[in-house]
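**Student:** any chance you could fold what I've pasted below:
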Amino acid sequence: MADNKVMGESTTPPAKIGILTVSDRASRGQYQDQSGPAIREYLTEVLSTPFEVDYRVIPDEQALIEETLIDMERGGCGLILTTGGTGPAVRDVTPEATERVCSRMMPGFGELMRKVSLEQTPTAILSRQTAGIRNACLIVNLPGKPRSIRLCLDAVFPAIPYCLDLIGGPYLEADPAKVQVFRPAN
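**Tutor:** As a prediction, this is how the structure comes out:
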């Protein structure tokens, strides 16, 4: 499902961002996914560049997660934000799937997300969020709770646009009143 954010006229095609919710129960319709929409809401709030979203909800199955991440990247997503499947439960396999499809891991993302989360709750130590690079795509594993998603994105998003610049991904700019993106001075 694609969703465009129109920000004035631009000759540059919108950046394509994948939002992948990994949840057995949400994929079966036992409850409505709130985490994926929380990511979309965050992006709509902070990004000033046009973007479109490829949003999917799938069960906690490693092979399917891997296939979906590959499909989203091949479909043009330069940034994929996952939610769910990062805990210690047996079926929490999102980090393993991410590691399998990435050529390089970016452990600093997970380290920072755990640090800010630990300031809120001691169970954040159980989180296994990570990030990695697949071709010109950055994949970031976020927690499954909407409040935690915002907390983690506030922490790591300032580095995401510059990381995308370095790997040849889409150019993203944010509203400086919402988030201060870091790019070194030329």
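
**Student:** how long is stretch 117-135 end to end?
**Tutor:** Terminal residues of stretch 117-135 lie 29 Å apart, using Cα to Cα, to the nearest Å.

**Student:** next, the buried residues of that stretch.
**Tutor:** For stretch 117-135, the neighbour count (16 or more other Cβ atoms under 10 Å) marks Ser117, Ala124, Ser127, Arg128, Gln129, Thr130, Ala131, Gly132, Ile133, Arg134 as buried. C-betas here are computed from N, CA, C, even on glycine.

**Student:** the strands in the chain, which residues?
**Tutor:** 4-5, 15-22, 51-58, 79-83, 104-105, 131-134, 137-142 (DSSP state E).

**Student:** for the ones you listed, give me TSV that also has mean pLDDT and distance to Cys163.
**Tutor:** Formatted as TSV, these follow (pLDDT from 0 to 100; distance: least, Cβ to Cβ, whole Å):
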stretch	mean pLDDT	distance to Cys163
strand 4-5	47	21
strand 15-22	98	13
strand 51-58	98	16
strand 79-83	98	9
strand 104-105	98	11
strand 131-134	98	8
strand 137-142	98	6
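
**Student:** I'd like these as a markdown table, with distance to Ala38 appended.
**Tutor:** Below are these laid out as a markdown table (distance: least, Cβ to Cβ, whole Å):
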| stretch | distance to Ala38 |
| --- | --- |
| strand 4-5 | 16 |
| strand 15-22 | 10 |
| strand 51-58 | 12 |
| strand 79-83 | 8 |
| strand 104-105 | 25 |
| strand 131-134 | 18 |
| strand 137-142 | 9 |
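
**Student:** quick check: Glu111 vs Arg91, distance?
**Tutor:** Distance of Glu111 to Arg91, given as Cβ to Cβ, to the nearest Å: 24 Å.

**Student:** correction: Ile139
**Tutor:** 19 Å.

**Student:** of these two, who's got more company?
**Tutor:** Between Ile139 and Arg91, counting by other Cβ atoms under 10 Å, Ile139 is the more crowded of the two (28 against 14).

**Student:** need the contact list for the nearest residue to Glu66 once chain neighbours are set aside.
**Tutor:** Of all residues beyond its chain neighbours, the one nearest Glu66 is Ala97 (4.7 Å), with distances taken as Cβ to Cβ, 6 or more residues apart in numbering. Going by Cβ atoms under 8 Å, 6 or more residues apart in numbering, Ala97 touches Gln62, Ile65, Glu66, Leu69, Gly85.

**Student:** much appreciated, bye for now.
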